[in-house]
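Student: Fold the stuff below for me.
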Amino acid sequence: QLVESGGGLVQSGGSLGLSCSISGSTNSRITMAWFRQAPGKERAFVAAIPKSAWSGGAEYYAEAVKGRFTISRDAAKNTVELQMNSLKPEDTAVYYCAAREGFSRVTTPGRYDYWGQGTQVTVSS
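Tutor: Predicted coordinates for the structure are as follows:
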């Protein structure tokens, strides 16, 4: 089960942090990701990271957020975080946490098996 938290309203140029709580699975061979979906648009990849530090894999990002967003994991809390800086109005969307088994780099929503309910992020101009 994935549960997101931390969405809200922020002004352009501001920052916001999202958190995804993971429960119900002991499988460590998992990649965690964030996607977003704006009104009238398809769900789009934002960032991903292997759940376990021992995987040797690194996080990866969509070009639109590279340098502004940072994905990280907190093993003690069993969460995955998304820190969003320098937010723009075009970042407005519902943000979803997702998970899939394995460590291959995947940015296609259909290849992720587990999803949270989503949290709204609104950036005002």
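Student: drop to CA atoms for contacts and neighbour counts, all remaining ones
Tutor: Noted.
Student: Can you tell me who the residue nearest in space to the middle of the chain pairs with across the strands?
Tutor: Closest residue to the average C-alpha location of the chain: Trp34 at 2.1 Å, with CA atoms, centre = their mean. In this structure, Trp34 bridges to Ala47, Cys97 when assessed by DSSP bridges.
Student: My guess is it contacts Ala98. True?
Tutor: Yes: using CA atoms under 8 Å, Trp34 is in contact with Ala98, at 6.1 Å.
Student: can you list the weak-confidence ranges in the chain?
Tutor: 25-26, 54-56 (pLDDT under 70).
Student: how about the strands in the protein?
Tutor: 2-5, 8-11, 16-22, 30-37, 44-50, 60-61, 69-74, 79-84, 93-101, 114-115, 119-124 (DSSP state E).
Student: So in that sheet, which strands flank the first one, and in what orientation?
Tutor: The pairing partners recorded for strand 2-5 under DSSP bridges are strand 16-22 (antiparallel).
Student: What are the contacting residues of the strand it pairs with?
Tutor: Strand 16-22 is contacted from outside by 1-8, 10, 77-85, 97, using CA atoms under 8 Å, 6 or more residues apart in numbering.
Student: run the last query once more with 6 Å
Tutor: Under the criterion CA atoms under 6 Å, 6 or more residues apart in numbering, residues 1-6, 78-84 lie in contact with strand 16-22.
Student: From the chain's centroid, how far away is it?
Tutor: 8 Å (CA atoms, centre = their mean, to the nearest Å).
Student: Next, the angle strand 69-74 makes with it.
Tutor: 40 degrees (axes from the mean of the first three to the mean of the last three CA atoms, to 10 degrees).
Student: Tell me the buried residues in strand 16-22?
Tutor: Leu16, Gly17, Leu18, Ser19, Cys20, Ser21, Ile22 (16 or more other CA atoms under 10 Å).
Student: Glu101 versus Ser124, what's the distance?
Tutor: 36 Å (CA to CA, to the nearest Å).
Student: for Thr108, same thing?
Tutor: Counting by CA to CA, the gap from Thr108 to Glu101 is 14 Å.
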